[in-house]
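Chemist: here is the input, now give the coordinates:
(chains A and B)
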Amino acid sequence: MTSYVPIADQTHVMHDPHTFITKYVWSQDHKVIAIQYASTAIFVGLVALTLSAMMRLQLGYPDTFSFINPANYIQFVTMHGMIMVIYLLTALFLGGFGNYLIPLQIGARDMVFPYLNMLSYWFYLLSVLILLASFFVTGGPTGAGWTLYPPQAILRGTPGTEGGGIVLMLVSLLVFIMAFTMGGLNYVTTVLQARTHGMTLMRMPLSVWGIFVATILALFAFPALFVSALMMLLDKVLGTSFFMPALASLGQVSEHTGGSPILFQHLFWFFGHPEVYIVALPAFGLVSDVLSTHARKNIFGYRMMVWAIVAIGGLSFIVWAHHMYVSGMNPYFGFFFAFTTLIIAIPTAIKVYNWVLTLWHGNIRLTVPMLFAMGFIFTFIHGGLTGIFLGNVTVDLPLSDTYFVVAHFHMVMGVSPVMVLFAAIYHWYPKITGKMFNVTLGKIHFWATFLGTYAIYLPMHYLGFLGVPRRYFAIGNTDFIPDSAMALNANITQAAIFVGVMQLVFIYNIISSLRNGAPAGGNPWEAVSLEWQTPDTPPRHGNWGDKLPVVYRWAYEYGVPGVKDDFVPQNVPPEEVVMEAGAGKYIDRSEGHYS
Amino acid sequence: MNPFRLLAEKPWLRTPQMAGGHTVEVSQASLVPPQKVALRVFLGVVGVLFGLFFTAYFIRMGLADWRPIPEPQQLWLNTLLLFLGSISLQWTSHVLRRGDIRLVKIGLLLGSLFTFGFVFGQVAVWQRMTAEGYYLYSNPANSFFYVLTGVHALHILGGLWVWTRASVRVMAGAAPEKIRLSVELCATYWHFLLLVWLAVFALISYT
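Modeler: Numbering: from 1, shown residues only, chains lettered A, B, ... in the order given. All right, here's what the predicted structure looks like:
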């Protein structure tokens, strides 16, 4: 291809969309698509939050609320899990932050395939609408549990099986995966092909690294969900027997023959475990950038951080069966999967140490995003430690069906990524909107969320040790569960309702600050990476005006001795760096320390 | 681009390219059109998708109720058609490089004829199987047969959509270099789907 010009050298000016519709509705601009993705994801997230409040009301105050019965309780559980994991976290990290940050942080004007990017959002919206439609069909949404295990997922008697709830769920997943694949191809290709001059892969901010590797994981993990959802759909609609064994249900022999439910579990978790890291890796990346910026220090061990992201991504494909210890397996398999699972602790621990060492001797500014980022370190260590318990087969077996597991995965992949999401939203809000949020409300939101989630999940570990089973509508009178556990459940519910309501402070803050916030300026956090150096805030279509930025250094040049502003943006040439009086010439780290 | 060397770069140091006039060479990767990179990644995704179907096939095959299906002879003809389709598109991208637009039109036409022949051939196989009582739901081997061939045919149809867009542009008089990328992408995609089909065919025959 001799005629091909690299994207960073292409000179033609981008088409500016003129009408309201092409600018804000059928938009191909990555920033608008990012906001569309994020708003949709946050909206369904609030639906899922409401569902969790309903569950907590039942658990804390059994026999009190007549509108919650065993059937719709299990529907709340199912939809809460499914929405939070896939339609909120995956979509918000990759569709939202991926879309917004990738082109801006690597110095591109847009994604490489803007039309495909737009299509990706509209398919995502379609999948969300199909999912929400299942609330309104006869029998309501599926109550199969978020893992949709056959055979019960499509048997009569499971809520949502007869009215179409399960069919809508599966179709929605298929559409979501198509939407994600379109977006994912864009993210990967943009990172590989559209970086500006000087932006080598190892100069990219860790946010981009996290999103990039997570996207690769998602591209190769979602096909497993696609295969399992498609085959289960056929089992349900056309009566095949991929997963459905021969069985008698409600007094009738089913038409299915000897399918394998365990096969579904393998396929599902071959997707399901990488999914944990599809959510976690972007969070790791974003939080690294927030910590480094607000600690005014370069990220500790940048290369090690990148390697850890890649290593975790690779390992995440060979640990899936640790979700299936209780399904039964060859002991040698159990040993293998326990081994690989515990090995993941090594790169993960490297990351945690590096975050803490980034803070060490930093000039920490306790801004709202920094509070959330530091909160994340706490919640993530906490959730990670209980993961070491559950990674071992013998410890997992008694704990697997108890609240200990609920506490573990909510700390590690519920609260922790959400802390990062809040950190990231507060951190980039001034760039996205051009306005500063209300700091007091932000701090109230942080302390309520941070302490509140501990009040919810810390006690759940003890419930788990007592053996209180998860998924149950009501515990009833059981000998091994003391009255104090019931009191604890009521307290957890109070905390959960409190935390849920306090999220309204956040919603109010981001909406009202659009109008009332003080102008933020282009670079309020004095950050180094490229997105803060755009000529306009919020960045206009095309991001960079006439000329693309040229990158001269990595994304972590903070606290540089002798430099007037204590930081040097990525796109400032060495000879233009302003020094303090008498500090001499700006010295590249290579000259000062290493050569 | 050696990934290990790439990941060993020390970004906090001044890199050799940065000395002097601050011009940094564009890395080798970005000299490839993004469409080609995206297609390679997409082929990886499709490969994983079929790989998982194959894995499920092997596991399901080991269970007791599996009844092998007869292998329709027409599949050999269909294989030939898809092979010819793949060859035609390869030939098209070859004559395109010489700039002979008349041959390009013939190549695109042949490619589509063979490929549509393959798809209709598959439909005919499905109809005959159904007529002989091998329904989708009557046995897991049948189910996998229809699902694998169906998903494969859908991917072929997706490719034909890109092919149609290139053909429309050729007919409208687009210069050869304008459609070269599309034709090359089509050719790569067809070769890949031919490989996938051979794997599917082998698997179906394996019962």
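
Chemist: need the pLDDT of A:Asp588.
Modeler: The per-residue pLDDT reported for A:Asp588 equals 62.

Chemist: actually A:Pro469, not the one I typed
Modeler: At A:Pro469, pLDDT is 94.

Chemist: ok, now the one 3 residues further on?
Modeler: The confidence metric pLDDT takes the value 92 at A:Tyr472.

Chemist: make sure it is indeed in a helix.
Modeler: No. Per DSSP: H, G, I helix; E, B strand; the rest coil, A:Tyr472 lies outside any helix segment and is coil.

Chemist: what's the local residue count around it?
Modeler: When counting by other CB atoms under 10 Å in any protein chain shown, one arrives at 15 neighbours for A:Tyr472. Every residue, glycine included, has its C-beta placed from N, CA and C.

Chemist: what does A:Gly387 give?
Modeler: A:Gly387 has 21 neighbouring residues, counting by other CB under 10 Å.

Chemist: so what pLDDT did it get?
Modeler: Note for A:Gly387: predicted pLDDT of 94.

Chemist: and B:Ser205, by the same measure?
Modeler: Reported pLDDT for B:Ser205: 87.

Chemist: what helices and strands are in contact with the helix or strand containing it?
Modeler: Assigned by DSSP states H and E, B:Ser205 belongs to helix B:176-206. Judged by 3 or more CB pairs under 8 Å, 6 or more residues apart in numbering or on different chains; DSSP states H and E, the packing partners of helix B:176-206 are helix B:34-61, helix B:74-98, helix B:101-131, helix B:140-171.

Chemist: gap between B:Gly150 and A:Trp146?
Modeler: Using CB to CB, to the nearest Å, B:Gly150 is found at 28 Å from A:Trp146.

Chemist: of those two, who's got more company?
Modeler: More crowded of B:Gly150 and A:Trp146, by other CB under 10 Å: A:Trp146, with 18 against 14.

Chemist: right, and the more buried one touches A:Gln75 too?
Modeler: No. Judged on CB atoms under 8 Å, A:Trp146 makes no contact with A:Gln75 at a distance of 11.1 Å.

Chemist: any part of the helix or strand of chain B with the lowest mean pLDDT near chain A?
Modeler: Lowest mean confidence among the helices and strands of chain B (mean pLDDT, DSSP states H and E): helix B:3-7, at a mean of 79. Yes. Helix B:3-7 comes into contact with chain A (CB under 8 Å from any CB of the partner chain), by way of B:6-7.

Chemist: contact partners of that helix?
Modeler: Identification of contacts with helix B:3-7 by CB atoms under 8 Å, 6 or more residues apart in numbering or on different chains yields A:201-202, A:303, A:306-307, A:310.

Chemist: of those residues, list those near chain B.
Modeler: Okay, of those touching chain B (CB under 8 Å from any CB), that's A:201-202, A:303, A:306-307, A:310.

Chemist: pLDDT weak spots in chain B?
Modeler: B:1, B:14-30 (pLDDT under 70).

Chemist: any chance of TSV for the helices and strands packed on helix B:176-206, columns distance to A:Ala487?
Modeler: Listed next are those as TSV, based on distance: least, CB to CB, whole Å:
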stretch	distance to A:Ala487
helix B:34-61	47
helix B:74-98	68
helix B:101-131	62
helix B:140-171	51
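
Chemist: quick one: which of those helices is nearest A:Pro417?
Modeler: Minimum separation from A:Pro417 across the helices and strands packed on helix B:176-206 (CB to CB) falls at helix B:34-61, 24.2 Å.

Chemist: measure A:Lys297 to A:Trp360 for me?
Modeler: Here A:Lys297 is placed at a distance of 8 Å from A:Trp360 (CB to CB).

Chemist: among the two, which residue is more densely surrounded?
Modeler: For the pair A:Lys297 and A:Trp360, the greater number of neighbours falls to A:Lys297 (20 against 11), based on other CB under 10 Å.

Chemist: so the more buried one: helix, strand or coil?
Modeler: Classification of A:Lys297 using three-state DSSP returns coil.

Chemist: could you find the closest non-adjacent residue to it?
Modeler: Nearest non-adjacent residue to A:Lys297, counting by CB to CB, 6 or more residues apart in numbering or on different chains: A:Gly362, 4.2 Å away.

Chemist: next one: B:Leu108
Modeler: B:Ser167 (5.0 Å).

Chemist: and what of A:Leu119?
Modeler: Distances taken as CB to CB, 6+ apart put A:Met182 closest to A:Leu119, at 5.6 Å, once the chain neighbours are dropped.

Chemist: how about the contacts made by the one you found?
Modeler: Applying CB under 8 Å, 6+ apart to A:Met182 gives the contacts A:116-117, A:119-120, A:123.

Chemist: what does A:Tyr124 give?
Modeler: By CB under 8 Å, 6+ apart, the neighbours of A:Tyr124 are A:37, A:40, A:91, A:95, A:176, A:179-180, A:183.

Chemist: cool, and B:Arg97?
Modeler: B:Arg180.

Chemist: give me that answer again for 10 Å
Modeler: B:176-177, B:180, B:183-184 (CB atoms under 10 Å, 6 or more residues apart in numbering or on different chains).

Chemist: make TSV out of these and add neighbour count.
Modeler: Below are those laid out as TSV (neighbours: other CB atoms under 10 Å in any protein chain shown):
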residue	neighbour count
B:Pro176	16
B:Glu177	13
B:Arg180	19
B:Val183	27
B:Glu184	21
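
Chemist: nearest to A:Ser400 among the residues you listed?
Modeler: Of all the contacts of B:Arg97, B:Glu184 has the smallest distance to A:Ser400: 51.5 Å, by CB to CB.

Chemist: and the residue lying closest to that closest one once chain neighbours are set aside, how many neighbours?
Modeler: Excluding the flanking residues, the one nearest B:Glu184 by CB to CB, 6+ apart is B:Ser93, at 5.0 Å. Neighbourhood size, B:Ser93 [other CB under 10 Å]: 20.

Chemist: and B:Ser93, how far is that from chain A?
Modeler: Counting by CB to the nearest CB, to the nearest Å, the gap from B:Ser93 to chain A is 12 Å.
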